[in-house]
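Visitor: Show me the folded form of this:
(2 chains)
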There are 2 protein chains.
Amino acid sequence: MSDDRNLLPHIPVGPNSLLSRRRLLQAGGAVAGGLALSRITRAGAQQPPPAPNELVPPPDPPWSAQGQPFTTQGIRSPYVEIQRAYSGGDSPNVTRQTAGSNFAPLQDLDGIITPSDLHFQRNHSGTTIIDPAEHQVLVHGMVDRPKVYSMDDIKRFPRRTEIHFLECSGNSGAGYSGPSPDTTAQLMHGLTSTSEWGGVPMTTIMQDVGVQEGAEWALFEGADASRMDRSVPRSKLEDDAMLVYIQNGEPIRPEQGFPLRLLLPGWEGNTQIKWLRRIEFGSGPFYTKEETRHYTDALPDGQSRQFTYEMEVKSLITWPSAGHQVPAPGFWEINGIAWSGFGTITGVEVSVDGGNSWGPAELMQPVLPKAHVRFRFPWVWDGTPRVIMSRATDDTGYTQPARQRLLDIRGTQYIYHFDAIQPWLVDADGAVTNAMGQSASDLPSDTQISEEYL
Amino acid sequence: MSDDRNLLPHIPVGPNSLLSRRRLLQAGGAVAGGLALSRITRAGAQQPPPAPNELVPPPDPPWSAQGQPFTTQGIRSPYVEIQRAYSGGDSPNVTRQTAGSNFAPLQDLDGIITPSDLHFQRNHSGTTIIDPAEHQVLVHGMVDRPKVYSMDDIKRFPRRTEIHFLECSGNSGAGYSGPSPDTTAQLMHGLTSTSEWGGVPMTTIMQDVGVQEGAEWALFEGADASRMDRSVPRSKLEDDAMLVYIQNGEPIRPEQGFPLRLLLPGWEGNTQIKWLRRIEFGSGPFYTKEETRHYTDALPDGQSRQFTYEMEVKSLITWPSAGHQVPAPGFWEINGIAWSGFGTITGVEVSVDGGNSWGPAELMQPVLPKAHVRFRFPWVWDGTPRVIMSRATDDTGYTQPARQRLLDIRGTQYIYHFDAIQPWLVDADGAVTNAMGQSASDLPSDTQISEEYL
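Guide: So this is what the prediction gives:
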């Protein structure tokens, strides 16, 4: 408490300024008035004559009128248009159905935080509206003290907040069959978002109910009409699972499972049950429909993989990406996002010559485990057709594969966990399209891209 | 690329599970069907009989009906009520005027990110609505190449994203005169928020226009009707100043200066000009009305301080805080936020006995410079009246002062930069009120608080 700044605010002044801390403290308020006369340069009477190199300020803009009054909640600018894609599910004749996906408009976003109202959504039977005062969560099965929790009970436990991505296992799935050239970043990869989540660690709940020895799995069940349910191994619950009720500072949104959802950082989204109503501990997986018929991965040899929980390493360039127009040759900054369900992104490389050479991108802070990371890469475009792409690596050594390497193993019956490198074609006119799945012979001859990326 | 995980997703299973990676890979899809018969425990035909300690699951909730259809933008739950305070300025008879403040509802928020539509606002003449296609920014004065930038020009420069708090210099100002007992966290301290901001570093603009030797200050001017303008020393512009157009992933909101505002991490909010239209470089401060009549600090001896830019170290407990009700004695987790305009928070201490003893709080990740940090502290309330408070320290060694120490130096003519420790009284009935400014004799006798905190 001996630090002067505790009581006397620091006065930062430039080294060549007429002000100094000592002078200010000595002379007090009088200094300001004295200097002001000679220095006021606001538009008006005392402005000094413009220097020869000085532009005339633009005229007063028409918006220099009294602005809009306060509103209880802030609004987006009327000049900002949200380009949001929707993909219907079971009822293709009904617009805005209840089974389908809302995509995050990645091509228009920046940074890592996704605004909560633009977070991607994957609903199996619509957005369920729940009164938190009535909501209950049953925890039972192989536990010593089965319990029914109210939301007040849940919120009484110590809470944590952590920034993590969520991603649908089907995100980027068009990569298996091959997207059309106009498939945008949003439509291709928009089923991922990053939020600051807050809630109670599963280990706290597990202590409270006394999970028994041998209870190596738990079933999580939602209160939506489709009763989404998935089995989760105890190891994950003890590692970093949380029951979350906070998203980006406020209660989680109904589309994200208000009042309570499971969060399994880095794992496929469908496992992170929304509108959570029941947790049952058992000795093995529960083999629900969602993990036998759905969310399994068919291999070329007829076998299927099951419980493929972790979302692999992925990255994509969000600007420029399909649908964008690079206005002219010259300097432009490429930027995009990278993430890993295994851990922390350690590097992103960018190629602007179809994969013939790669250079390191800069990662913006914060670089957090199992969260989107924003990267950027300087680019001087020479005006010729170019295929640009990014390739991320994480702290477990995983690097995104080229698409043909992935397809060689997985075939095209696979639906989920597509994480290959995303190539975008910038044509000579600056128009950007999706190069994935195109044949090299259909691309401009001077792109020189290796087939393995297509 | 030799890592198997590049192509074969990892299959995480619990150590005691019947599944193993090898077995799955050997047996393929057939495994799932075989085990499923004996393990399906979804509500329905094949559920095993309940164990003796097993509760009956709650009946199907009434909301297990088809949910709501998708909407282009997500919505808050109808059960979430935003308790938002507003403080009018020049026109007290007009509700929701254009001069005043909208507070961030700190008592209801968690984590560090403030939802953009709940970010605090301080407007001098309303929220200015600007067409970004028409907007221009003039940079002139002591520069070699004065320029007028369009928003497209600005966005072409390399961008950065960083998480920082913004705080009005008048935040917590009621602390000088003494708040009433019902003054909430929002009303007392709600003129601060944290966002992920994105834009172009000022150094890039300065290189582009060629700032001349001796141009040690710059004037920043807004396009709002009040033409807000402030002088900023070159040292800050070269340190970490940015022109930002991104907030929490999307274009900044009109209330925050869309399409462009100045960001000066850690400095008082009024310097961070919104709706930025003009930057003029000069040899000294410009002594605008905003830094001569306004935003100066009157000391007891009649002198005033000027250019007190940095927001000091501050913290407060947001739960429980005034207006909350602690439901019953027993375990509760105290949590709150801390931040420093000087640098990074290194520790927060909490007292639950009126400052007689202090214990370290846990800081949630991420802990970033010049950003809010969320802290938490376990508390077993014994049901007696208690004064609880927090005290933050940053990496420059600054620790929040007790209120009486601050008043001894600054007096009560001071308006800005109040950063003293915030005491909350939890009364025997659990009701929480603001203890600041109360006399110790008015508080319950067993709170034992030292007068210096009141």
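Visitor: CA atoms for contacts and neighbours, from now on please.
Guide: Noted.
Visitor: Just give me the neighbour total for A:Glu238.
Guide: 14 (other CA atoms under 10 Å in any protein chain shown).
Visitor: Let's verify it: helix, strand, or coil?
Guide: helix (DSSP: H, G, I helix; E, B strand; the rest coil).
Visitor: Does it touch A:Ile205 like I think?
Guide: No: counting by CA atoms under 8 Å, A:Glu238 stays clear of A:Ile205, with 10.5 Å between them.
Visitor: how about the strands of the stretch 201-350 of chain A, start to end?
Guide: Listed in chain order, the strands of the stretch 201-350 of chain A (DSSP state E, counting those that start in this stretch) span A:217-222, A:229-233, A:242-247, A:250-251, A:261-263, A:276-282, A:297-298, A:304-305, A:314-319, A:330-339, A:345-351.
Visitor: Tell me which strands the second one pairs with, and in which orientation.
Guide: Strand A:229-233 pairs in its sheet with strand A:217-222 (antiparallel), by DSSP bridges.
Visitor: any idea of the angle the strand it pairs with forms with strand A:276-282?
Guide: On the basis of axes from the mean of the first three to the mean of the last three CA atoms, to 10 degrees, strand A:217-222 is oriented at 160 degrees to strand A:276-282.
Visitor: Looking at the strands of the stretch 201-350 of chain A, which is nearest to B:Pro105?
Guide: B:Pro105 lies closest, by CA to CA, to one member of these: strand A:250-251, at 9.8 Å.
Visitor: average model confidence for the closest one?
Guide: Strand A:250-251 comes out with an average pLDDT of 97.
Visitor: For it, which outside residues touch it?
Guide: Outside of strand A:250-251, the residues within contact range by CA atoms under 8 Å, 6 or more residues apart in numbering or on different chains are A:Tyr245, A:Phe258, A:Pro259, B:Val80, B:Asp108, B:Leu109, B:Asp110, B:Pro115.
Visitor: so what's the third one up against?
Guide: When contacts are counted by CA under 8 Å, 6+ apart, A:Pro259 touches A:Ile130, A:Asp131, A:Pro132, A:His135, A:Met151, A:Tyr245, A:Pro251, A:Ile252, A:Arg253, A:Trp275.
Visitor: Redo those residues as TSV? Include neighbour count.
Guide: As requested, the contacts of A:Pro259 are exported to TSV (neighbours: other CA atoms under 10 Å in any protein chain shown):
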residue	neighbour count
A:Ile130	23
A:Asp131	13
A:Pro132	16
A:His135	20
A:Met151	17
A:Tyr245	26
A:Pro251	23
A:Ile252	23
A:Arg253	25
A:Trp275	27
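Visitor: now, among those, which is nearest to chain B?
Guide: A:Arg253 (5.4 Å; CA to the nearest CA).
Visitor: so the closest one makes contact with B:Gln73?
Guide: No: counting by CA under 8 Å, A:Arg253 stays clear of B:Gln73, with 11.1 Å between them.
Visitor: and for the two, which residues touch both?
Guide: Counting by CA under 8 Å, 6+ apart, the contacts common to A:Arg253 and B:Gln73 are A:Asp117.
Visitor: Dump the contacts of A:Pro259 to JSON lines, plus distance to A:Glu312.
Guide: As requested, these are exported to JSON lines (distance: CA to CA, whole Å):
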{"residue": "A:Ile130", "distance to A:Glu312": "33"}
{"residue": "A:Asp131", "distance to A:Glu312": "36"}
{"residue": "A:Pro132", "distance to A:Glu312": "34"}
{"residue": "A:His135", "distance to A:Glu312": "34"}
{"residue": "A:Met151", "distance to A:Glu312": "33"}
{"residue": "A:Tyr245", "distance to A:Glu312": "26"}
{"residue": "A:Pro251", "distance to A:Glu312": "29"}
{"residue": "A:Ile252", "distance to A:Glu312": "25"}
{"residue": "A:Arg253", "distance to A:Glu312": "26"}
{"residue": "A:Trp275", "distance to A:Glu312": "26"}
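Visitor: from those, which ones fall inside helices?
Guide: If you go by DSSP state H, the contacts of A:Pro259 have A:Met151 in helices.
Visitor: Let me see the ranges of the helices in the stretch 101-250 of chain A.
Guide: Applying DSSP state H, counting those that start in this stretch to the stretch 101-250 of chain A gives helices spanning A:151-156, A:174-177, A:185-189, A:202-209, A:234-239.
Visitor: Show me what counts as buried in stretch A:415-435.
Guide: Within stretch A:415-435, the residues that count as buried by 16 or more other CA atoms under 10 Å in any protein chain shown are A:415-428, A:430-435.
Visitor: First-to-last residue distance for that stretch?
Guide: 20 Å (CA to CA, to the nearest Å).
Visitor: what mean pLDDT does that stretch have?
Guide: Here the average pLDDT along stretch A:415-435 is 96.
Visitor: close to chain B, is stretch A:118-135?
Guide: Yes: Stretch A:118-135 lies within reach of chain B by CA under 8 Å from any CA of the partner chain, at A:Leu118, A:His119, A:Ser125, A:Gly126, A:Thr127, A:Thr128, A:Ile129, A:Ile130, A:Asp131, A:Pro132.
Visitor: Verify the stated contact: the third one with A:Thr98.
Guide: Which is A:Ser125. Yes: judged on CA under 8 Å, A:Ser125 makes contact with A:Thr98 at a distance of 5.2 Å.
Visitor: Just give me the neighbour total for A:Ser116.
Guide: A:Ser116: 26 neighbours (other CA under 10 Å).
Visitor: hang on, I meant A:Pro181
Guide: Counted with other CA under 10 Å, A:Pro181 comes out at 17.
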